[in-house]
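K.L.:
Build me a model from this:
(2 chains)
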There are 2 protein chains.
Amino acid sequence: MPLLVVGSIAFDSVETPRGKVDRMLGGAATYVALAASQFTPVRVVGIVGDDFGAEDARVFEKRRIDTGGIEHAPGKTFFWAGRYNVNMNERTTLVTELNVFSGFRPKLPDSYRNSRFVFLANIDPSLQLSVLQQVRIRPKLVAMDTMNYWIEGAPKELRKVLRHVDILVINDDEARQLTGEHNLTRAAKSVFRMGPRILVIKRGEHGALMLSGNSIFSAPAFPLEKVCDPTGAGDSFAGGFMGHLAQVGRINPGALRRAMIYGSVMGSFAVEQFGLKRIQALRLQEINQRAGKFAQLTQFEL
Amino acid sequence: MPLLVVGSIAFDSVETPRGKVDRMLGGAATYVALAASQFTPVRVVGIVGDDFGAEDARVFEKRRIDTGGIEHAPGKTFFWAGRYNVNMNERTTLVTELNVFSGFRPKLPDSYRNSRFVFLANIDPSLQLSVLQQVRIRPKLVAMDTMNYWIEGAPKELRKVLRHVDILVINDDEARQLTGEHNLTRAAKSVFRMGPRILVIKRGEHGALMLSGNSIFSAPAFPLEKVCDPTGAGDSFAGGFMGHLAQVGRINPGALRRAMIYGSVMGSFAVEQFGLKRIQALRLQEINQRAGKFAQLTQFEL
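P.N.:
Purely as a prediction, here's the structure:
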């Protein structure tokens, strides 16, 4: 089934110990859409400016990504510049220019309004809610991301959208900040009281956790010898995770665990090269091979 | 087969957000021995003072731990006092009194000298080497721990003992400090050049990694809702790990992976109560049950 993705489309300038790239196509919605498109057709909602050219659109269109929901506005596309430290585990934002993104009011094309699988990437929670209000019937699965900026700055709006969300996909710091619980098992229980029945915690080089009811699944990080650029790793994870679920069209424990692995696979590929380069050109065989390596990484017999 | 364990025996005063305990029996050799004794007979080499009483000896003797290698010296036993921060992931040392431990020269009773499985807990690397010299024939498996103090202060001696060691069991900071590599895959390759053919990296609340040749195994951390006292968690891990290998008497990929899980099981139990309390009273059924939970935590089917 198609996956509806709403979020930022941006140009990023990124500097890491491995090199530097100027104004490459990025943004949460872009990473989620590209990663998910390996598994299922994608519909993307975002906003871009005059500097978003035909070759940028082709990045989406070459994959099975419907770009009918990308609004073109006069002005410039969202621009972000950042630098990663030597260990790639911290980054400094050098420039944030919201540009046309500051006026973003997501509008779903009519053809998107029957979407059954929805991913709300990290944007203003009131915009996330407006997307859900535009979907015609209650989706089968809604997942969302958020960040410290909204947890601090828009707690009421965040709580409101969380009531309509099945899966919250955030990192460990955000989970702790949102719930005031350091212990992630207790943080999950607190999240469940806010609405979501599943909490997925992205932990970067420490893998990812999925908590639901009394069940916990731990996906390892893939041990890479060379990390090139961590930008978009978490969004690529979300894309692989949601892409797999939309592909199978069913939510059950087996599919959720596989989704965690495909998410981890896409996150691990994303960091191997700058920007979208690696996940854009991935072949299905590579994805399946790496998923097999995740199995080898964790399997044991008692 | 019996496991030979050499290291510190101490009294610890520990303060955590969950409470405070004064002068409880501890020390690396104690935790390793107690945890390993769930799986195999243990022989312990250490030194204690006049304040080490019959009831302390009974903690070992109630389990199948041979205490013939514990030297009784005039003076006081090694004493350590520390306080954990609110998230239990950092600790401050308040008091370190080496006492009789400063004169520790490990002497293996004759009955220990045929040991085939040896664990050298964190002590001066030249003392670790002297233990290996006292073992009559080359052991089947030698594993060791170390710490930043020796990595900085006795690098030559450390390199010397590493040449005779099969498995190095350390935490991620120590692996990075020892090798100068931040990336753990590259750190492992550097460790392999020093002698060990297997590197086990303890990562606390992020689980543990085992690297050997081109194979990597990732053991998850057990998600606990309540951590009482992290003291001895890493040593309990080492005890479970080595205890299982000594029990099966064979080193193969399956046994090594199971050993990682039993190590993780013992580490997860250790932190549930203060000091030795939890691992001292464990029943085999509890250990097997928790090992089963580790399987549930990671299993998936592609």
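K.L.:
Doesn't residue A:23 belong to a strand?
P.N.:
Yes - per DSSP: H, G, I helix; E, B strand; the rest coil, residue A:23 lies within a strand segment.
K.L.:
and it, how many neighbours?
P.N.:
14 (other CB atoms under 10 Å in any protein chain shown). Yep, even glycine has a C-beta here, placed from its N, CA and C like the rest.
K.L.:
which residues sit in contact with the closest residue to it other than its chain neighbours?
P.N.:
Spatial nearest neighbour of residue A:23, chain neighbours left out: residue A:11 (4.5 Å); criterion: CB to CB, 6 or more residues apart in numbering or on different chains. Contact analysis of residue A:11 by CB atoms under 8 Å, 6 or more residues apart in numbering or on different chains lists A:23, A:24, A:25, A:26, A:51, A:77, A:78, A:79, A:80.
K.L.:
ok, now how distant is residue A:218 from chain B?
P.N.:
Here the criterion is CB to the nearest CB, to the nearest Å. By it, residue A:218 lies 4 Å from chain B.
K.L.:
Also residue A:135?
P.N.:
Residue A:135 is 30 Å from chain B, by CB to the nearest CB.
K.L.:
thinking that residue is in contact with residue A:118, fair?
P.N.:
Yes - using CB atoms under 8 Å, residue A:135 makes contact with residue A:118 at a distance of 6.5 Å.
K.L.:
hmm, back to that, so among the contacts of residue A:11, which ones count as buried?
P.N.:
A:24, A:25, A:26, A:77, A:78, A:79, A:80 (16 or more other CB atoms under 10 Å in any protein chain shown).
K.L.:
Report the two of the residues you listed separated the most.
P.N.:
A:24 and A:78 (13.0 Å; CB to CB).
K.L.:
Can I get the buried ones among the contacts of residue A:11 in a markdown table including secondary structure and pLDDT?
P.N.:
Converted to a markdown table, the buried ones among the contacts of residue A:11 look like this (DSSP: H, G, I helix; E, B strand; the rest coil; pLDDT from 0 to 100):
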| residue | secondary structure | pLDDT |
| --- | --- | --- |
| A:24 | strand | 97 |
| A:25 | strand | 98 |
| A:26 | strand | 98 |
| A:77 | coil | 98 |
| A:78 | strand | 98 |
| A:79 | strand | 98 |
| A:80 | strand | 97 |
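K.L.:
from these, which single one is nearest residue A:221?
P.N.:
Distances from residue A:221 to those, taken by CB to CB, are shortest for residue A:26, at 22.0 Å.
K.L.:
partner residues bridging the closest one?
P.N.:
On the basis of DSSP bridges, residue A:26 is bridged to residue A:10.
K.L.:
my guess is it meets residue A:80, correct?
P.N.:
Yes - using CB under 8 Å, residue A:26 is in contact with residue A:80, at 7.3 Å.
K.L.:
Can you work out which residues contact both of these two?
P.N.:
By CB under 8 Å, 6+ apart, the residues touching both residue A:26 and residue A:80 are A:10, A:11, A:12.
K.L.:
Now flag whichever of those is closest to residue A:124.
P.N.:
residue A:10 (15.3 Å).
K.L.:
Residue A:195 touches residue A:160, doesn't it?
P.N.:
No - between residue A:195 and residue A:160 there is no contact under CB under 8 Å: 9.4 Å.
K.L.:
mind listing what the closest residue to residue A:3 other than its chain neighbours touches?
P.N.:
Spatial nearest neighbour of residue A:3, excluding adjacent residues (CB to CB, 6+ apart): residue A:246 at 4.1 Å. Neighbouring residues of residue A:246 by CB under 8 Å, 6+ apart: A:1, A:2, A:3, A:36, A:39, A:40, A:116, A:117, A:141.
K.L.:
Among those residues, which are located in strands?
P.N.:
When DSSP state E defines the strands, the subset of those inside them is A:3, A:117, A:141.
K.L.:
can these go into TSV with extra columns for pLDDT and neighbour count?
P.N.:
What follows is the ones in strands among the contacts of residue A:246, written out as TSV (pLDDT from 0 to 100; neighbours: other CB atoms under 10 Å in any protein chain shown):
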residue	pLDDT	neighbour count
A:3	98	29
A:117	98	25
A:141	98	20
